[in-house]
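Asker: Would you be able to build a 3D model of this:
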Amino acid sequence: MPSTGSATPVGLGCLDLVSLDTMYQFDPNFLLQDAFAPDGGVGATAVANQGVACRWVTGSGGITLDIAVAQPSTAVLNDLRDAAGVDDGATGEYFAGTAVQVFTGTHWIALASEYFASPADARLLIDSVTAAVG
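Answerer: Down below sits the predicted model:
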């Protein structure tokens with residue numbers, strides 16, 4: 001999704017969103033992928049809106065876990081809510097497939113991984129990211 005209007009830079013890095021200790025508690029097999037440049041998906045949407053996109057990868061098996069955060073313009077935030085099937089202005093968590101989207105204030109947070117079968121699977125990470133942007 002392209003950026004429209006003016007987004008506010010997030011100003012946080014991957015380890016500000018989820019510390020190494022937090023990820024170790026979640027699953028010690030995940031390692032932060034350096035120099036991640038998303039070419040699609042939630043990461044590309046976040047980056048297009050002056051946000052941050054992080055990819056964690058399991059040391060064995062290569063399972064990926066993407067975390068994206070943006071503070072897009074109101075128009076883009078509303079588009080993201082619409083795409084998630086959320087009423088305009090609503091906050092909360094929305095799960096589809098293997099992705100969780102969280103709308104909190106002016107922030108959009110997305111976590112995507114085949115590791116997630118429900119939002120509960122991502123709870124520790126959701127709490128970490130929402131606290132960081134809070």
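Asker: quick check, distance from the helix or strand of the chain with the lowest mean pLDDT to the centre of its chain.
Answerer: The helix or strand of the chain with the lowest confidence, counting by mean pLDDT, DSSP states H and E, is strand 92-96 at a mean of 81. Mean-position distance between strand 92-96 and its chain equals 12 Å (Cα atoms, centre = their mean, to the nearest Å).
Asker: Quick check: which helices or strands does it pack against?
Answerer: Taking 3 or more Cβ pairs under 8 Å, 6 or more residues apart in numbering; DSSP states H and E as the contact definition, the neighbouring helices and strands of strand 92-96 are strand 99-104. Every C-beta, even on glycine, is put in place using the N, C-alpha and C of the backbone.
Asker: Paired strands for the strand it packs on, with orientation please.
Answerer: strand 92-96 (antiparallel), strand 107-113 (antiparallel) (DSSP bridges).
Asker: Turn the ones you listed into TSV, columns for mean neighbour count.
Answerer: Written out in TSV, the entries for these read as follows (neighbours: other Cβ atoms under 10 Å):
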stretch	mean neighbour count
strand 92-96	15
strand 107-113	23
